[in-house]
Every structure is written in structure tokens, then in C-alpha cells.
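**Student:** Take this sequence and fold it.
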Amino acid sequence: MKDLRRIASMVTLLSAFALGACLSAPQSTKPTIVAPQPAPVITPKVQSEQSKALATYYGRVQADLLVQGLLRTDGGGPDTPYTDTMLGRNFEQIAFFDEYSGGGLNAPNGKAGRLKRWEGPVRFNVEFGSGLSANQQARYRTNVLNYAQRLARATGHPIGVSATSANFHVLFMSDDDRDLVQQRVRTLVPRIDPAALRIFGNLPRSIHCLVVAFSGGSGNYSYTTAVALIRAEHPDLMMRSCIHEELAQGLGLANDSPAARPSIFNDDDEFALLTTQDTHLLGMLYDPRMRTGITLDAARPIIRQMARERTGAGL
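**Tutor:** A predicted model of the protein is given here:
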């Protein structure tokens, strides 16, 4: 069923465009510092037939997955055990490898990259297009606020919400807002690669949501800005699932692994929301023993030690 719900994420160094994990393409070598940009005033409009059709389609997808016992919200349990070896292996795959490569949805090269994460505080802000009611907007704003608090606890990193000094922008917008999406992303990230911008404006139906993160320049693995796009046509649980996966992936866990269970970093759709193992993965990503930009070979002894500590192996 993973083909029914393909959640892509883009993780981008300033000199690279990434969809799913890290896709390389020429880009500016210097970041552009952008002052806080107020969100535009959105004029309500009648939902198009195409947007209605998408909402119907995603509603059917969610219903089908639920009937199969997927989109679990329990975080895992006795039926999903994992060992320290499994946790360490999953961390390696999700934090050091790419889901896609090149300037599009191409197969990855299979080579481990370097650890990417935020060094400075992460400040989320949410913006809405024309496809969500005031009640829905309030609900998803609260979802992001609560999730930011959970991510802060999991990582030990300063993560919060700010409408005036945001550096991680979460856009809830519909197919009817595609022009607005491109305008907004171009404003927030003036030097964004044109290929990345085109994907924001022309998402395939199979891509439910995505995130793009930027570092301070070539050879810099510390993120400074991110933009997530979540389709407004999603039903509630799939919307929350997108929030959980994209905001976590935008922190540095960019890849998916079919071996990761229980986990949202897995395209099998078994889990909709952050799991117990995912919380460990986030904690390992921001463990002070790890260094931003560290290679996998250098990180492996640290990964093994962190995995043993978190699972109680050998204690």
C-alpha cells in the first residue's frame, strides 16, 4: 500500500536540492539572509473541482489504510520489538543515507552522507491557504505547537513556535493555492533551486507532503531554514501524519527504511504518528556526542553506544 501514500521530503544543503533525502543540483554558494516575512492575507475562494476530487481521493486512501489496520497511532507495542542492533542500523539508514538523488525522483547512489541537523534553535510557524476552515486552522496550529514541544523533549534541542522569527515554515495549502505556494516559497528562500520550486507548484498526487531544509552554504551541514508543504485536502489523520513525518524529517532524519519498525520513517504506512523508536532516533540525532557533519564511519562507535543505552542492552 505504500504507493497509495507516498510522503516525500526534501532535505537541501544550500548547494543542493533534495527530495526525499538529498538530491544534488547546482545552487548558489552563499545563503541569502531574509528578514521575517509576514504571511500574505488569503482571500477565501470557492474550492475547485480538482481540489474537491483530491479531497475525495485522500479520504478514500485514509479509509482503505484504516481498514487494513494501518495508520496506527499507538506508537508501537509488544508486537513491534526492536533491539539495540536494529535501532543502530535504522539510525544509520535514516540519518546518513538518501531516499532520492539527482535533480528529481531518481534512485539514490547508495553512498552514506554526513550527519545533517540544526545547530541553532528551531522555530516553527504555520500558514494556511484557502482550503481550511477557521476551526481546522486552529486545530492544526495546536497540533504543530504540541508537536514542537514533543520534538523538543525528544531531542533536547531548543524547538518552539514563533510567528515573528520563524525559520521552519509549515504551509497548509491546497491545489488551489499552487501559485501562492510558489510565491511564498520564493519569498522565504530567494535562492531556492528552480527544480525545487517547480515541485512545490506541481506536486504529483502521490506526494502527500514534503519538506525542504537549507544549510548555510556548500560544505555546511547545519540547517538554518526549512519549508514544509502539507496538502489542505487531507483528512484529519493523514494531515496529522504529514505534520509528524515532515517536521521530524526536516530536523535531519531525511530517509526512510523498510526495516524501521515501529516507525513513521517507513513507507509501509503502518504508523501514522511518531513512535517510541522514532523518539530514540531523534534523541540520537541530537545527542551531544554526535557532531554535525560527522561521517558514518566516525559515528558508528557512538551510534552503537547510544543504541545500547536507549534499549538497556547489556545493562
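
**Student:** The stretch 51-200 of the chain: strands as residue ranges?
**Tutor:** Under the criterion DSSP state E, counting those that start in this stretch, the stretch 51-200 of the chain carries strands at the ranges 117-118, 122-128, 159-161, 168-173.

**Student:** can you list contacts of the third one?
**Tutor:** For strand 159-161, the external contacting residues (Cβ atoms under 8 Å, 6 or more residues apart in numbering) are 121-126, 144-145, 148-149, 151-152, 251. For every residue, glycine as well, the C-beta is placed using N, CA and C.

**Student:** at 7 Å what do you get?
**Tutor:** Residues outside strand 159-161 that contact it (Cβ atoms under 7 Å, 6 or more residues apart in numbering) are Val122, Arg123, Phe124, Asn125, Val144, Leu145, Ala148, Leu151, Ala152.

**Student:** In those, find the pair that's most separated.
**Tutor:** Pairwise distances across the contacts of strand 159-161 peak at 15.6 Å for Asn125 and Ala152 (criterion: Cβ to Cβ).

**Student:** Quick check: PyMOL command selecting the buried ones in the contacts of strand 159-161.
**Tutor:** Those of the contacts of strand 159-161 that count as buried under 16 or more other Cβ atoms under 10 Å are selected in PyMOL with:
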select buried, resi 122+123+124+125+144+148+151+152
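
**Student:** Tabulate the contacts of strand 159-161 (TSV), appending distance to Ala259 and pLDDT.
**Tutor:** Listed next are those as TSV, based on distance: Cβ to Cβ, whole Å; pLDDT from 0 to 100:
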residue	distance to Ala259	pLDDT
Val122	28	98
Arg123	33	98
Phe124	30	98
Asn125	34	97
Val144	29	98
Leu145	32	97
Ala148	28	98
Leu151	23	98
Ala152	28	98
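
**Student:** out of the contacts of strand 159-161, who's nearest Gly216?
**Tutor:** Val122 (14.7 Å).

**Student:** Show me what the closest one is bridged to.
**Tutor:** Under DSSP bridges, the beta-bridge partners of Val122 are Ile159.

**Student:** okay but it is in contact with Phe168, surely?
**Tutor:** Yes - counting by Cβ atoms under 7 Å, Val122 touches Phe168, with 5.4 Å between them.

**Student:** got any residues that touch both of these two?
**Tutor:** When contacts are counted by Cβ under 7 Å, 6+ apart, Val122 and Phe168 have no shared neighbour.

**Student:** Quickly note the distance from Phe172 to Gly219.
**Tutor:** Here Phe172 is placed at a distance of 34 Å from Gly219 (Cβ to Cβ, to the nearest Å).

**Student:** Next: Ile264.
**Tutor:** Distance from Ile264 to Gly219, by Cβ to Cβ: 30 Å.

**Student:** Looking at those two, which is more packed in?
**Tutor:** Ile264 (27 against 12; other Cβ atoms under 10 Å).

**Student:** Would you check that the more buried one makes contact with Phe271?
**Tutor:** Yes - in this structure, Ile264 is within contact of Phe271 by Cβ under 7 Å, at 5.3 Å.

**Student:** Could you give the number of residues near Gln93?
**Tutor:** 18.

**Student:** so who does it touch?
**Tutor:** Here Gln93 is in contact with Asn255, Ser257 (Cβ under 7 Å, 6+ apart).

**Student:** And the pLDDT for Ala313?
**Tutor:** At Ala313, the model reports a pLDDT of 82.

**Student:** got a list of what the closest residue to it other than its chain neighbours touches?
**Tutor:** Of all residues not flanking Ala313 in the chain, Asp84 sits nearest, at 3.9 Å (Cβ to Cβ, 6 or more residues apart in numbering). The contact partners of Asp84, by Cβ under 7 Å, 6+ apart, come to Ala307, Arg308, Thr311, Ala313.

**Student:** now do Leu115
**Tutor:** Ala95, Phe96, Tyr221, Met290, Thr292, Gly293, Ile294, Ala299.

**Student:** And for Tyr221?
**Tutor:** Tyr221 neighbours (Cβ under 7 Å, 6+ apart): Arg114, Leu115, Lys116, Ser215, Thr292, Gly293.

**Student:** What average pLDDT does stretch 176-193 get?
**Tutor:** pLDDT averaged over stretch 176-193 gives 92.

**Student:** buried residues in that stretch?
**Tutor:** Asp176, Asp177, Arg178, Leu180, Val181, Gln182, Arg184, Val185, Leu188, Val189, Ile192, Asp193.

**Student:** Run a quick neighbour tally on the closest residue to Gly110 other than its chain neighbours.
**Tutor:** Spatially, and ignoring its direct neighbours in sequence, Gly110 is nearest to Phe97 (7.6 Å; Cβ to Cβ, 6+ apart). Neighbourhood size, Phe97 [other Cβ under 10 Å]: 20.

**Student:** Alright, that wraps it up for me.
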